[in-house]
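> Mind looking at a prediction? Sequence and model below.
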Amino acid sequence: MLTIQNTGLVVVDIQGDLAHMVYESDTLIHNTLMLIKAAKVLELPIIYLEQAPLKLGKTVITLSEELSPRSPITKHTFNACAAPEFLDALKQHTKQNWLVCGIEAHICVYQSVLGMLNLGYSVDVVCDATSSRLAENKTLAINKLSRQGAAMTSVEMALYELVGDSRTPAFKAILPLIK
């Protein structure tokens with residue numbers, strides 16, 4: 001079960017023109033922004049990644065502004081776990097459960113989630129904050145990751161699981177994000 005004590009957030013490569021070319025890009029960016037804002041309210045660690053930003057561009061401005069003052073981890077491997085800086089960040093935060101969102105579902109998200117699972121982490125893929133250029137590739141990735149042991153969730157499902165009680169100040173702060 002996700003709790004604020006054991007969970008962090010990884011945002012994968014929502015950058016450049018590609019972020020606007022993926023299936024339902026507006027929904028992806030909106031839901032990721034909601035997830036980042038809620039993670040900040042809940043004081044979850046947030047790690048965000050950029051794939052070859054000199055070629056693909058930086059994280060979309062609405063997300064990078066919300067993520068500030070954090071800096072992205074630059075990577076060139078599709079599996080973020082092959083980047084030592086990412087592994088260091090995971091270890092630094094000492095969380096066992098990670099919410100993962102981003103693009104592309106069938107490439108960098110897929111390979112990074114598998115890498116995290118192989119390292120013993122529990123991973124929940126936030127399906128409504130994950131996409132690919134083709135809807136079919138997103139579906140393939142979600143199905144295959146589910147068979148490999150990743151859990152599937154949505155922004156709202158994850159947030160209610162993390163908050164756990166409607167009487168908490170965190171719920172009152174997050175509710176306007178969900179509505």
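Perfect, thanks for sending it. Residues are numbered from 1 along each chain as shown.
> all contacts plus neighbour counts: C-alpha atoms, from now on.
Will do.
> Do you know the pLDDT at Ile178?
Confidence at Ile178, expressed as pLDDT, is 84.
> what's the nearest residue to it if we skip its chain neighbours?
Counting by C-alpha to C-alpha, 6 or more residues apart in numbering, Glu156 is the residue found nearest to Ile178 once chain neighbours are left out, at 6.8 Å.
> got it, and Leu28?
Leaving aside its chain neighbours, Leu28 sits nearest to Ala129 (4.7 Å; criterion: C-alpha to C-alpha, 6+ apart).
> Now do the same for the one you found: its pLDDT.
So Ala129 comes in at 98 (pLDDT).
> and what of the one 5 residues further on?
What the model reports as pLDDT for Leu134 is 97.
> pretty sure Met34 is touching Ile178, no?
Yes. The pair Met34 and Ile178 passes the contact test of C-alpha atoms under 8 Å, sitting 7.5 Å apart.
> of these two, who's got more company?
More neighbours surround Met34 than the other of Met34 and Ile178, with 22 against 14 (other C-alpha atoms under 10 Å).
> could you point out the longest strand in the protein?
What stands out as the longest strand in the chain, according to DSSP state E, is strand 122-131.
> what angle sits between the helix or strand just after that one and strand 122-131?
Proceeding N to C from strand 122-131, the next assigned helix or strand is helix 135-147, under DSSP states H and E. Following axes from the mean of the first three to the mean of the last three C-alpha atoms, to 10 degrees, one obtains 170 degrees for the angle between helix 135-147 and strand 122-131.
> quick one: helix 135-147 to chain centroid distance?
Relative to its parent chain, helix 135-147 has a centroid offset of 16 Å by C-alpha atoms, centre = their mean, to the nearest Å.
> give me phi/psi at Pro176?
In terms of degrees, to the nearest 10, the main-chain angles of Pro176 are phi -60, psi -30.
> Tell me how many other residues crowd it.
9.
> ditto for Glu136
What Glu136 shows, counting by other C-alpha under 10 Å, is a neighbour count of 13.
> In this structure, mark out all the strands, start to finish.
Secondary structure of the chain (DSSP E): strands at 7-12, 46-51, 73-75, 97-103, 122-131, 151-153.
> For Phe86, which of those is the nearest?
strand 73-75 (6.7 Å; C-alpha to C-alpha).
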